[in-house]
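Q: next come a sequence and a model predicted from it.
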Amino acid sequence: MRPIRSKQSFPVFFPFSLTRTAVALAALASQAAFAQTAPDVPLPLASGAPVKSLGMVTISSGQPTSLPTQIPTTMEGVTREQIEQTINATDSEDALKYLPSLLVRKRYIGDYNHAILSSRASGTGNSARSAVYADGILLSNYLGNGIANGTNYAPRWGLVTPEEIERVDVMYGPFSAAYPGNSVGAVVDYVTRMPTQLESHAKLSGFNQNFKLYGTDTSYGGTQASASLGNRNGDWSWFINVNRTKSAGQPLTFTTKLLSTAAPAPGAVAVTGAVPGLNTRNVPWLLVGGATQYDTEQAHAKLKLAYDFSPTVRASYTLGYWDNTSQNRSESYLRNAAGAPVYSGNVSIDGRGYNLAATDFGVSNEALTHVMHGLSVKSNIRGVWDWEVAASVYSYQKDQLRAGTTAQPGSLNGGAGTLQDQDGTGWNNLAFKGIWRPDSLQGAHIADFGYQQDSYKLHILKSSVVGDWISGPAGALVNEVGGRTQLRSVYAQDAWAFAPKWKTVLGARIEYWNASNGFTRFGAGNAANTGYASRSESFVSPKAALSYQWASDTVLKAATGRAVRFPTVGELYGATASVNSRYLNDPNLQPEKSWTSELTAEKDLGNALLRFTLFTENVRDSLYSQTTFDPAANLNVSRVQNVGRIKTHGMEVALNGTDVLARGLDFNGSATYADSRIKENSGFVATPGDTLGKYQPRVPAWRATALVSYRFNPAWTGTLGARYSGSQFSSLDNSDVNGFAYMGTSKYFTTDVRLRWQISKQVSAALGIDNLNNYQYWNFHPYPQRTYSAELKFDL
C-alpha cells in the first residue's frame, strides 16, 4: 500500500519504516510529542522530507491515532485512500481483511453477532483476547467471550461505517502498559474523520451472492446507503454520518440427524429431500434443513463535535447510535408425497425412523438499539507536560430476542415462545492520562502514565411467552443471569533514547479486578438458583521493548510483555438454557496469564518495506469456551474452563511496497506460521489427557494474504486480493477432523477483485467480487460464496 498523501498535516513518529502499508502507519499519527493519545488538534507541517533517526520516522499525516507509536513493536495500518481504492468494504471490519495474521469471522454482510477478530495466537472463539477502539472509545465487548449465554460478544463494529474511516491502526501484542490484558492478541484503533473545511459524502451500494449448499440453492443480497456532512467553523468542528444497510444472509446452521438404526414409528410420514453427509468426526448424518437465515436491517448515526478552547486544548464529544432488526428463519428440505414441506413429527427417510422436534426449524426476531457516548479533553502543548481526561459509555438501550417454540408453519404467525431481554446491559470507561517530557528539547525521555477504570454490567432475563412470541408480554421465568466486573489500573512507561542508535521502552501496569453481584436463576424453588460471593484479584504486568538502528535502512526491534486477561461477567455467572442450547458457567475461573515476546527486523528497500518477525506466547490458565453437540438431547452444550498452558511460537513475514516492478503497481502481502499447542490441561473432552499436545482451536499453522493493485491512470485502479488459511480444528481434542462440514473449521483460499473508476473529481464508481473462485469453506458456519458488489460515491 502507498504512503499517506493526506491534505491535513500532522507530524508523526513511529518505529522505523518509511514505505510500510501505512507508512500506512504514517498512519500512526500519535507523534512523539503525545505518544499515547495525541489530540485531534491540527499541528504545523513538519518541514522538509521525512527524517529517519533512532529507528523512528517523522512524516506528515491526518488524524492522530490512540496507539502508542513510541513502542518499537509491530504495527500495521490501512488508510482511507487505500480502503476506497482496493477493498470491497461494506462493514468496518473489512478494512482489516488483508493485514497480517488477522481474520474477522464475518459470515455475511451486516453480521452483528459473530464477527470475532482473531490474531497470531488467538482464534475466532476468543473475542476477549483483542481490543478494538474507535477514536480511543472501546468497541470490544468484554461482557463475555466469544458466543455464549444465548448471546454474543463480538466487537461493536456497527458503530463505525467504512465511510467514516480516516485510517485503521493495529498494534500486535500486549506491549503497551496503557492497555488491559485483553490486548494480548492485537489492539485495533479506528481513526474517523474530523473535517477542517466543509465536506459532504454520499454512497449507494448493492450486493448479491448465489448460495448453493446441501438443499439450499438461492440468491441472497441487499443494499446500503450512507451519507455524511462536516465542517470547521472557527473553534468548532463537527461531523455527522448516517448509514442504512439491508442484508439477507445465507443459512448459517443446519438441522441434522445422525443416521438412524430404528424403524419408523407408527404413522410416520414418508419424506424425501434429506441430504446425506458426514459430520466433523466423519460420522454419517442427514442434513434435513437450513436454518439461521438472517434478514437484517441496520441503521447507524454518528455525531462528532470538537471545540478548541485554545490552540493547545481541545474537547471532543462523540454520540453513536446503532439499531438492528433481524428475522431469523429456517427451511425444511423434507417433502411429503404431496410435495409439501414437513417441519415436525415422526418421519420415515429411506425406511429409517426419525423424529423432528418442534424447534428443529426454529424462528426468531431480534430488536437491538445500542447507544455510545464519548467525551474527552486533551492538551497538545508539546512541552514538558501534556494530559487527557476521557470517559465513554456503551448502553444496551434495547436488546430483545424473541423466539418461537412451536413448529412451523404455525410459528411464523405466533404461538408460544420465549423473550430474552438484555436491556440495561453495558459498560463505561474512565481514563486520566499524562505525558512527561523531562528533557523535551533533547527528547531523550518521554514518559506516559495514567489511571483507568473499566466497569461492566451484564443482565440477561429470559422469560416464556404464552400467547404470541412475536409481540406478546413476558411470562414465567426461564432463566436470569447477571453480575458486574470492574478493572482499575495504573500504568507508567518511559521511552528512553539512551544512545545514538538505541531506544528502549520500560513500563508496568498494576491492575485491581473485582467481580460482584453475580447470580443465576431458573425459577422459584429451582435448586440451581445461586448468588455468588464477590471476589477480587490484583496483578502487575511488566513491559519492555528495545530498538536498534543497525543501518540507515534497517532496524532491529524486540518486545516482551505480560498480559492478564480477567474472566468476564458472562464466563463467571452466565449459566443459561434454552430448547436447543445450554451454557455452563464457572464463578471460580482463574485469570488468564500470558507472556508474549517478539523479535523483528525491518528493512527499507526504497519503494518497499520488508519485515520479518519471530513471536512466542506462553499462556497459563487460558480461558476457553468449548461448544459440543449432544445428539441425544439435540442441543449445543457450551462450557467455559481454564486450560492449563498453551504455548505458541511462530514467524511472520510482510512485504509492502509502491511502484513495485512497474510504476503504478502496488503490493502488500504477508505469511504467518504459528505452532500453537496445548501443553498442560487437567480437563479433557472425552478421556483424561486427550487434549495434551493438540493444536489450539481455530489457530491455523499457516495463513497468508496478498493484495496487488494497479493504477492504470489517475481514473482507473484494479485490485486483486487473496487470502489463505491452513487446516485447523474447533475442539480442544482435535477430534473434528472433517473441517468441510457444518460445525467444522476448514482451510480456505479465496480471491477478491475490485475495479474503481474516478469518473470526476466528485464522483466515483466501483465493481467488486469477493470469493471470486467460489471456495466453499467453514468456521462452524459456512462463509459466503461468490459475492458481487457495486457502488456509486459522491464527494464534495
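A: Good, I have the coordinates. As the structure is a prediction and not an experimental result, all values here were calculated from the model. Residues are numbered from 1 along each chain as shown.
Q: element containing Lys793, please.
A: Using DSSP states H and E, Lys793 sits in strand 787-795.
Q: what pairs with that strand, parallel or antiparallel?
A: strand 199-213 (antiparallel), strand 763-770 (antiparallel) (DSSP bridges).
Q: which element follows the first one toward the C-terminus?
A: Under the assignment DSSP H and E, the closest C-terminal helix or strand after strand 199-213 is strand 216-233.
Q: export the strand or helix carrying Arg402 as CSV, just CAs?
A: Using DSSP H and E, Arg402 maps to strand 385-404. Provided in CSV are the C-alpha atoms of strand 385-404 (Å, rounded to 0.1, in the frame of the first residue of the first chain):
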residue,chain,number,x,y,z
TRP,A,385,3.6,18.2,30.2
ASP,A,386,0.5,17.1,28.3
TRP,A,387,-2.7,15.5,29.6
GLU,A,388,-6.0,13.9,28.8
VAL,A,389,-9.3,13.1,30.5
ALA,A,390,-11.6,10.7,28.7
ALA,A,391,-14.8,8.9,29.5
SER,A,392,-17.2,6.7,27.5
VAL,A,393,-20.4,4.8,28.0
TYR,A,394,-21.9,2.0,25.9
SER,A,395,-25.5,1.2,26.7
TYR,A,396,-27.9,-1.6,25.5
GLN,A,397,-31.0,0.7,25.5
LYS,A,398,-32.9,-2.1,23.9
ASP,A,399,-31.7,-5.7,23.3
GLN,A,400,-34.5,-8.2,22.8
LEU,A,401,-34.5,-11.7,21.2
ARG,A,402,-37.9,-13.3,20.6
ALA,A,403,-38.1,-17.0,19.5
GLY,A,404,-40.9,-19.4,18.8
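Q: show me what whatever helix or strand comes next after it is packed up against.
A: With elements assigned by DSSP H and E, the helix or strand that comes after strand 385-404 is strand 417-421. Strand 417-421 sits against strand 385-404, strand 445-465, with contacts defined as 3 or more C-beta pairs under 8 Å, 6 or more residues apart in numbering; DSSP states H and E. C-beta here means a position set from N, CA and C on the backbone, and glycine is covered the same way.
Q: could you save the ones you listed as CSV and add columns showing distance to Tyr354 and mean pLDDT?
A: Below are the helices and strands packed on strand 417-421 laid out as CSV (distance: least, C-beta to C-beta, whole Å; pLDDT from 0 to 100):
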stretch, distance to Tyr354, mean pLDDT
strand 385-404, 21, 96
strand 445-465, 27, 95
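Q: show me where the stretch 551-700 of the chain has its helices.
A: 569-573 (DSSP state H, counting those that start in this stretch).
Q: okay, now the unreliable bits of it?
A: The model of the stretch 551-700 of the chain has pLDDT under 70 over residues 576-583, 626-638.
Q: rerun at 50
A: For the stretch 551-700 of the chain, no stretch has pLDDT under 50.
Q: go on, the chain?
A: 1-62.
Q: helix, strand or coil for Glu84?
A: Look at Glu84: counting by DSSP: H, G, I helix; E, B strand; the rest coil, its state is helix.
Q: what's opposite the nearest residue to it once chain neighbours are set aside in the beta bridge?
A: Leaving aside its chain neighbours, Glu84 sits nearest to Arg756 (7.2 Å; criterion: C-beta to C-beta, 6 or more residues apart in numbering). Counting by DSSP bridges, Arg756 forms beta bridges with Thr717, Ala766.
Q: max-length strand in the chain?
A: strand 284-310 (DSSP state E).
Q: and stretch 219-236, C-alpha only, in CSV?
A: Written as CSV, here are the backbone C-alpha positions of stretch 219-236 (Å, rounded to 0.1, in the frame of the first residue of the first chain):
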residue,chain,number,x,y,z
SER,A,219,-29.7,-15.8,-4.1
TYR,A,220,-29.1,-13.5,-1.1
GLY,A,221,-28.3,-9.9,-1.3
GLY,A,222,-29.0,-6.4,-0.1
THR,A,223,-28.4,-2.6,-0.4
GLN,A,224,-26.5,0.0,1.6
ALA,A,225,-26.8,3.8,1.7
SER,A,226,-24.5,6.2,3.5
ALA,A,227,-24.2,10.0,3.8
SER,A,228,-22.0,12.3,5.8
LEU,A,229,-21.6,16.1,6.3
GLY,A,230,-19.0,18.0,8.3
ASN,A,231,-17.2,21.3,8.6
ARG,A,232,-15.0,23.5,10.8
ASN,A,233,-16.4,26.9,11.9
GLY,A,234,-13.9,28.9,14.0
ASP,A,235,-13.2,26.9,17.1
TRP,A,236,-15.9,24.3,16.4
